[in-house]
Each structure stands twice: as structure tokens, then as C-alpha cells.
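[1] here is a sequence together with a model predicted from it:
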Amino acid sequence: MIIHQFYDRGLAHASYAIIRDGKMVVIDPSRDPQPYYDFAKLHEADIKGVIETHPHADFVSSHLEIHQTTGAIIYNSKLVGATYPHEGFDDGDILHLADIKLKAINTPGHSPDSICILLQDEEGIDKAIFTGDTMFVGDVGRPDLREHAGNITAKKEELAKQLYHSLREKIMVLPHPITVYPAHGPGSLCGKTTSPDLYTTIGREVKENYALQPMTEQAFVQLITNDQPFVPHYFGFDVDLNKKGAPGFKKSIDAIVRTNVVIEQNAIVIDIRLKDEFRKGHLKGAINLQDDEKFETWLGSILQPEEQFYLIADTNEALDIVIQKAAKIGYEQNIKAAIAMPHNAALQSTNIDRDDFKSSPERYTIVDVRNWSEINGGKIFNNALPIPLPELRDRIAEIPADKPIVVHCAAGYRSAAATSIIAGKITSVPVYDLSEAIVEIMANGSNAMNS
């Protein structure tokens, strides 16, 4: 038997392949199905099944494409209300993979239709459980993503109650040596304190996981509903897209226009170049969302699922990379065109006089675009206006335009995007990016901190 984990650091997403006697099952596959085809070919196996633990909010699954390409049967809970060809996989259902068994366990909580998959080896011993978003290493799935999306909706408090019982009555009672394979790792927005480890055991989680410690249902509900990360705009969209199945990955990205492009006036433009290059010359109103490990998350946090946009990069190779990242959250369908650096990108950005800012911060409007969890942990500048980056486009009108504007985050990535967003709307005063200087200010302190 082979159990293999595929891990996407950008979305902190883990998917799995299980192989036994030339037959393979995939669990929670990512948007691009090719790695699973390659793995099956490497091990001379046929993909016989795809299991979805629930309709995912943070990425688009390739379950439908794998079914259409290989004939593999898709398995998921009947509660999903899936509109693609599938077989129900709920409590008591067993999928045989040669002489091993995959057993469905309904574990509502993260979503009303969540399941876990218990693997029983050829000797009848429970060896592993694939927990989807029900339980992670050191954390459990958030219960607040299905209030307005999916076949079944539920208030977060009700889902938290269901999660409390799923964990204690179906997961914690399993033998402690069982290996736990979750669908997410560190940095995922589907939980709040995930460990850097990518797998664990039932015993370790019972002992160390904060959410599995002795407490009342009421205490658990309060604990698990408080202080969750922000919810990107695309999450509900992906739940519904996964419920019906996404179009083929390669066909969808190959359809994106690359030549003879004229950018429409007032269109949304996402410029993925490094901020120093962006400042030297960019299109009016362009948003500088640099390509980094979390590009797709921030793309889906800044833009709504229905908004169309243009992509700009230095090279076609760079465009290829970010188009694939956009496709991981289903946003490739919104790309009107992808362009390798237009000739008329001539608008320049002005750099801040850091000495003047440090000596007289009161002469500036300071905008803090960190997440609420960071802001609530303490402001860096007492007089800063807090507007987290995902909220910025809707709250531009709150920013005074009577003096120069300085934008900061915690390291420089979000502030570059935020500065470009603000500068595209407010042109009467300069808009400056404090950039990486914020790291020095946080480390050494500044007069500005007490202004």
C-alpha cells in the first residue's frame, strides 16, 4: 500500500493518493489533475476513485475533470447535493481498494456535509484517517464558512456545536496510533493555529490540540467562533463551483487571450511585477499584487468573484505562473487578457522621505492595512487608520485626502498592493508605501509609534 501526500504551499493544501494492487484513489485533489495522472503512471496504477471530503471553499478541485478523463467514480456525502455524476459516501459506506477498505464517517462541523475517511489495511487494522477540514495538526476546521454558501447553509454557532460532537464522538474515540492526514497545513485560512507539521496521530491531537481538551459544548462554541482569520471574497464562490464541478484546467487557461490586447478604460488591472519595477512605470489605476507564495489568496481577497481583470507581467513565463495560480481559485475565468508589459505603462510612483516621516508623522495620514488579528494585537502607530487590505477597495472614502498618505503593513507586501489601490483613487495628495521600513520601525521603535 502507498499513501502519498501532495502539498501546495501557496494554499497550504494537502491532497492524497492511495494505491493498492494497481488501483488508485485520490482524496481532495487540487485544480491541476496532472500530478495525480503522473503519480498513477509512475506506479502503473489506474485511478478508480476520487473522494471529496466536502465542497472546498479555499481552492477549486479537479474531481470532475479526473472523472471525465479517467472514468474514476466521484464519492462524496449525499448532503453535498452535487450536480456532477457521483456516488454517495456516508456513514456505513465502504470503498474497497483491492484488499483494503476506505470507510466514510460523517463529521459535520466545518461544513454540514463534511466527511472523514478511515483507512483499514489488508489485515483489518485501522491505520489512517483523512480528516479533510474537520481536524488539522493542532487545530480544527473553522465553522463560519457555510452561512451563505453550499447546498446546506447553517449558522456558525450551530456548526460549531456539530463540530464539537463530531470530534468527541467520532474522531477522538478512534485508536490513538492512527495517523491523521488533514487537508491543510500552516497558513491555511480554514483554521487559525495550524502546526508546521503536515500529519499527526489521534493520540497526539487528543493530548495537544487546544480544541480537543476537556470543555463544555458552550465553551467550545465560544472558543472556535472567536478570532478566526478573515474570509476571502472567493470562498463562497469556490464552494458553489466545487458543488457543480469546475471546467478542465488546461482548456480553461489555454482560452485566455494573450495577443492583440487593448485594455479597456477604467478596467481592473493586476500588475504582478516586483514593487520597485512597478514604481518605475505602471498603468494608471493598476493594482500592484506581486507574485509570491500567497498570490492567489490575496487575488481572491481583493477582487470579487464576478470582477473581470487584466493581468500584466514582465514576461510570458511569469504570466503562465500566475494564470495557473488564479485557476487554483477559479479566477482564470475572469481574466480578460494577459499581457507582457504594455508599452504605455509610464506612470511613476514617488518614494517617501523616511526621515521626514519619522520626525513628523503627524503631517501624514497613516493607513494600517494589516489583518484585524494583527491590528487588535496592537497598533504600530497610534493615530493610524485601520483598514485591512481585503476591505480597502470598499473603504477608500474613509481615507482623508487633506495631507500625504502613508500605507504600512507588517513586511511590505500588502502595503505595496494597498498603496497602488489608494493611489488609483486618490490623486490630490501623494500616496506613499512605507514598505520594508516598517520592519525596522517595529524592531527598533520610533517616535511615530507614540504619535
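    Received it, and whenever you're ready, just let me know what you need. Numbering: from 1, shown residues only.
[2] and the helices in the stretch 101-250 of the chain?
    Ranges of helices in the stretch 101-250 of the chain, per DSSP state H, counting those that start in this stretch, are 156-166, 202-208, 217-225, 235-244, 249-254.
[3] now those in CSV, with mean pLDDT and mean neighbour count?
    For the C-beta atoms, the positions are set from N, CA and C on the backbone; glycine is no exception. What follows is the helices of the stretch 101-250 of the chain, written out as CSV (pLDDT from 0 to 100; neighbours: other C-beta atoms under 10 Å):
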stretch, mean pLDDT, mean neighbour count
helix 156-166, 97, 21
helix 202-208, 98, 17
helix 217-225, 97, 17
helix 235-244, 96, 20
helix 249-254, 97, 15
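[4] compare those and give me the one nearest residue 443.
    Within these, the stretch nearest residue 443 is helix 202-208; the backing value is 31.3 Å (C-beta to C-beta).
[5] so which of the helices of the stretch 101-250 of the chain is nearest residue 137?
    helix 202-208 (7.5 Å).
[6] what's in contact with that closest one?
    Here helix 202-208 makes contact (C-beta atoms under 8 Å, 6 or more residues apart in numbering) with 129, 135, 137-138, 171-172, 174-178, 180, 212.
[7] these in strands, which ones?
    Among those, the members found in strands (DSSP state E) are 129, 135, 180.
[8] residues near the nearest residue to the first one once chain neighbours are set aside, how many?
    It stands for residue 129. Using C-beta to C-beta, 6 or more residues apart in numbering and skipping residues adjacent in sequence, the residue nearest residue 129 is residue 118, 5.0 Å away. Residue 118 sits with 20 neighbouring residues when counted by other C-beta atoms under 10 Å.
[9] OK, contacts around residue 118?
    Contacts of residue 118 by C-beta under 8 Å, 6+ apart are 102, 103, 105, 126, 128, 129, 174, 178.
[10] compare the contacts of helix 202-208 and tell me which is most surrounded.
    Neighbour-wise, the contacts of helix 202-208 (other C-beta under 10 Å) top out at residue 135, 30 neighbours.
[11] how about the contacts of residue 118 in CSV, adding pLDDT and distance to residue 234?
    Shown next, in CSV, are these (pLDDT from 0 to 100; distance: C-beta to C-beta, whole Å):
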residue, pLDDT, distance to residue 234
102, 98, 30
103, 98, 32
105, 98, 29
126, 97, 36
128, 98, 31
129, 98, 29
174, 98, 34
178, 98, 33
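[12] if you average pLDDT over stretch 355-363, what comes out?
    In this model, stretch 355-363 carries a mean pLDDT of 91.
[13] report pLDDT for residue 287.
    97.
[14] what about it, distance to residue 432?
    Residue 287 sits 17 Å away from residue 432, taking C-beta to C-beta, to the nearest Å as the criterion.
[15] same check on residue 85?
    55 Å.
[16] which of the two has more neighbours?
    Of the pair residue 85 and residue 432, residue 432 is the one with more neighbours under other C-beta under 10 Å, namely 24 against 11.
[17] so where do the strands sit in the stretch 301-450 of the chain?
    Here the stretch 301-450 of the chain has its strands, by DSSP state E, counting those that start in this stretch, at 309-313, 335-340, 365-368, 385-386, 405-408, 431-433.
[18] now those as CSV including distance to residue 92?
    Supplementary listing: the strands of the stretch 301-450 of the chain in CSV, determined by distance: least, C-beta to C-beta, whole Å:
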stretch, distance to residue 92
strand 309-313, 46
strand 335-340, 44
strand 365-368, 52
strand 385-386, 50
strand 405-408, 54
strand 431-433, 57
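[19] nearest to residue 218, out of those strands?
    Closest among these, using C-beta to C-beta: strand 385-386, at 30.9 Å.
[20] that closest one - what's its average pLDDT?
    Per-residue scores along strand 385-386 average to 97.
[21] tell me what that strand is packed against?
    strand 365-368 (3 or more C-beta pairs under 8 Å, 6 or more residues apart in numbering; DSSP states H and E).
[22] which other residues reach the strand it packs on?
    With contact meaning C-beta under 8 Å, 6+ apart, strand 365-368 is reached by 375, 379-381, 383-387, 399-400, 402-409, 418, 422, 448.
[23] swap in stretch 242-252?
    Contacts for stretch 242-252 (C-beta under 8 Å, 6+ apart): 31-34, 52, 55-56, 60-65, 68, 80-84, 150-151, 327, 330, 332-333.
[24] compute the first-to-last residue distance for it.
    By C-alpha to C-alpha, to the nearest Å, the extent of stretch 242-252 from end to end equals 15 Å.
[25] going forward, count from 17.
    OK, 17 is where the count begins now, so the last one is stretch 258-268.
[26] any idea how far it is from the middle of the chain?
    18 Å (C-alpha atoms, centre = their mean, to the nearest Å).
[27] also stretch 166-173?
    20 Å.
[28] let me see the residues that make contact with it.
    Contacts of stretch 166-173 (C-beta under 8 Å, 6+ apart): 71, 95-97, 127-129, 159-160, 162-163, 178, 237, 241, 255-256, 259.
[29] secondary structure of residue 80: a helix, I assume?
    Yes - counting by DSSP: H, G, I helix; E, B strand; the rest coil, residue 80 falls inside a helix.
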